[in-house]
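J.: pasted the sequence and its predicted model underneath.
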Amino acid sequence: MIQLLARNGFLAAALLLAAGGRAAHAGPALVQLIAKAEPGSVVKVAAGVHHGALRIDKPLTLVGEPGAIVDGDGTGDVIRIAASNVVVRNLTIRDSGTSLTQMNAGIFVEQRARDVVIAGNRLEQVLVQRG
C-alpha cells in the first residue's frame with residue numbers, strides 16, 4: 001500500500017508494503033511515486049528493500065526511514081540524478097552494475113544537475129562483481 005500525505009504544500013509519501021512485517025520488492029511503487037511527485041516534494045521511503053533503478057528528473061527530496069534500502073539488482077545505476085535541487089538522504093544504496101565503461105554507480109549525478117545534496121547514505125556492493 002502507498003500512503004500519500006499532503007502537509008503544508010509538500011507531498012510526503014510513505015511506502016507501507018507489508019510482507020512478513022517488512023517491506024519487500026517495492027521498486028515499481030517507488031519508481032511510480034517519484035514519477036508522480038510534484039517538483040519540490042518530499043518522498044519518504046519506508047524500511048525494507050525497494051528494487052529497481054531510480055531516476056530523479058525534477059527537484060525533490062528522497063529520504064529513507066531507518067532500514068530503507070534501494071537495490072539496483074546488479075544492473076546500471078541504482079539512483080541517477082538528472083535534475084538540480086535534489087536531496088538524497090538516509091538510504092542504504094546497494095548492488096549497482098559493474099561496468100566502468102558505462103560509469104555504473106550507486107548514485108550518479110549528471111553534469112547538468114546543480115545544488116544536489118547526498119548525505120547520510122550507505123553504499124554497499126557498488127561496482128563490485130560477485131561470483
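T.: All right, it came through fine.

J.: for the rest of this, base every contact and every neighbour count on C-alpha atoms.
T.: Will do.

J.: V78 against I56, yeah?
T.: No - counting by C-alpha atoms under 8 Å, V78 sits too far from I56 to count as a contact (11.0 Å).

J.: look up how far Q125 lies from A46.
T.: According to C-alpha to C-alpha, to the nearest Å, A46 stands 21 Å off from Q125.

J.: which one of those two is surrounded by more residues?
T.: Neighbours per residue, other C-alpha atoms under 10 Å: of A46 and Q125, the larger number sits with A46, 25 against 17.

J.: give the full set of residues in contact with P39.
T.: P39 makes contacts with 58-60, as judged by C-alpha atoms under 8 Å, 6 or more residues apart in numbering.

J.: wait, is it part of a strand?
T.: No - with the criterion set as DSSP: H, G, I helix; E, B strand; the rest coil, the secondary structure at P39 is coil rather than a strand.

J.: now it. Nearest residue, chain neighbours left out?
T.: Once flanking residues are discounted, P39 sits nearest to P59: 5.1 Å by C-alpha to C-alpha, 6 or more residues apart in numbering.

J.: can you tell me how far that neighbour is from E110?
T.: If you go by C-alpha to C-alpha, the gap between P59 and E110 works out to 13 Å.

J.: what's the overlap in contacts for the two?
T.: Contact criterion C-alpha under 8 Å, 6+ apart; residues shared by P59 and E110: A83.

J.: report how many residues lie close to L62.
T.: L62 is surrounded by 21 other residues when neighbours are defined as other C-alpha under 10 Å.

J.: that one should be in a helix, yeah?
T.: No - when classified by three-state DSSP, L62 is found to be strand rather than part of a helix.

J.: which ones are touching it?
T.: Taking C-alpha under 8 Å, 6+ apart, we find L62 in contact with 42-45, 86-89.

J.: ok, R122 next?
T.: With contacts defined as C-alpha under 8 Å, 6+ apart, R122 is in contact with 90-93.

J.: now, those residues that are in helices?
T.: Mapping the contacts of R122 onto helices (DSSP state H) picks out no residues; all lie outside.

J.: these in strands, which ones?
T.: Secondary-structure check on the contacts of R122 using DSSP state E: residues within strands are 92-93.
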